[in-house]
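Undergrad: Provided below for reference: sequence and predicted model.
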Amino acid sequence: QTCALPIFPRLMSYAVKSTIHLILVFSGFLLAYELRRGLSLGWWINDPQAVLIIAWAAIYTAIAAAVELVFRIERTSWRFSSAREVLKIARSTGATSLIFLLFMFLGTRANALPRSTVVLAWVLTLFALVGVRLLWRLMNDPALARSLLAMERIRLDGAAPLILVGDVEDAEAYLRRGAA
């Protein structure tokens, strides 16, 4: 096993990744509202309007779950995330924000919702979902971590192009054997 944390790859099923995705979306919405309004902890505990904001976060998360069923961004392996995955995440989170905004306007005209909350929620969710993938890659690919931290320079001078056909796990094992 080439993973720095050998038990985690087996645990990263679609259900686990989707759960992490939805927790980050829910948290991102609440954090966006908090950043926009600058509320104290006491407000979240005592004010009856806090329940409404939490309900909005739940609706935002439900919309994100529906969008995930369409875009299926959590079906891909986090170990091989790329710029293409970031663009898919941006589309997915953007669609979630737009659908939520439409839902809020059709339902309540979004009178009590600061418009910047939706933009902040989109940005925070995007960064959180990309960040968790980057963290996962760094934990599972020490060579990437070393190259990002400039501790090791990857040399490609004179390297021959290579196409590997087959299972991703076998291809990675083959490439790592050659790098060792």
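TA: Thanks, I have the structure now.

Undergrad: Go ahead and list the helix or strand containing the residue most central in space within the chain.
TA: By CA atoms, centre = their mean, the chain has its centre lying nearest to residue 129, at 1.4 Å. In this structure, residue 129 sits in helix 115-140 according to DSSP states H and E.

Undergrad: returning to what we had before: tell me how far the residue nearest to the centre of the chain lies from residue 165.
TA: 30 Å (CB to CB, to the nearest Å). C-beta: built from backbone N, CA, C; applies to glycine.

Undergrad: swap in residue 74?
TA: Using CB to CB, residue 74 is found at 26 Å from residue 165.

Undergrad: so residue 104 makes contact with residue 110?
TA: Yes. Between residue 104 and residue 110 there is a contact at 4.0 Å, judged by CB atoms under 8 Å.

Undergrad: For the one helix or strand residue 42 maps to, which residues meet the burial criterion?
TA: Using DSSP H and E, residue 42 maps to helix 41-46. Neighbour-count burial for helix 41-46 flags residue 44 (criterion: 16 or more other CB atoms under 10 Å).

Undergrad: any idea which helix or strand carries residue 110?
TA: Using DSSP H and E, no helix or strand contains residue 110.

Undergrad: Torsion angles phi and psi at it?
TA: phi 50, psi 40 (degrees, to the nearest 10).

Undergrad: Show me where this protein dips below the pLDDT cut-off.
TA: Scanning the chain for pLDDT under 70 picks out the ranges 1-12, 150-159, 178-180.

Undergrad: residue ranges for the helices of it, please.
TA: 8-11, 14-37, 41-46, 49-71, 83-108, 115-140, 142-148, 168-179 (DSSP state H).

Undergrad: any chance of those helices in JSON lines, with distance to residue 161 too?
TA: Shown next, in JSON lines, are these (distance: least, CB to CB, whole Å):
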{"stretch": "helix 8-11", "distance to residue 161": "28"}
{"stretch": "helix 14-37", "distance to residue 161": "32"}
{"stretch": "helix 41-46", "distance to residue 161": "56"}
{"stretch": "helix 49-71", "distance to residue 161": "32"}
{"stretch": "helix 83-108", "distance to residue 161": "20"}
{"stretch": "helix 115-140", "distance to residue 161": "23"}
{"stretch": "helix 142-148", "distance to residue 161": "20"}
{"stretch": "helix 168-179", "distance to residue 161": "13"}
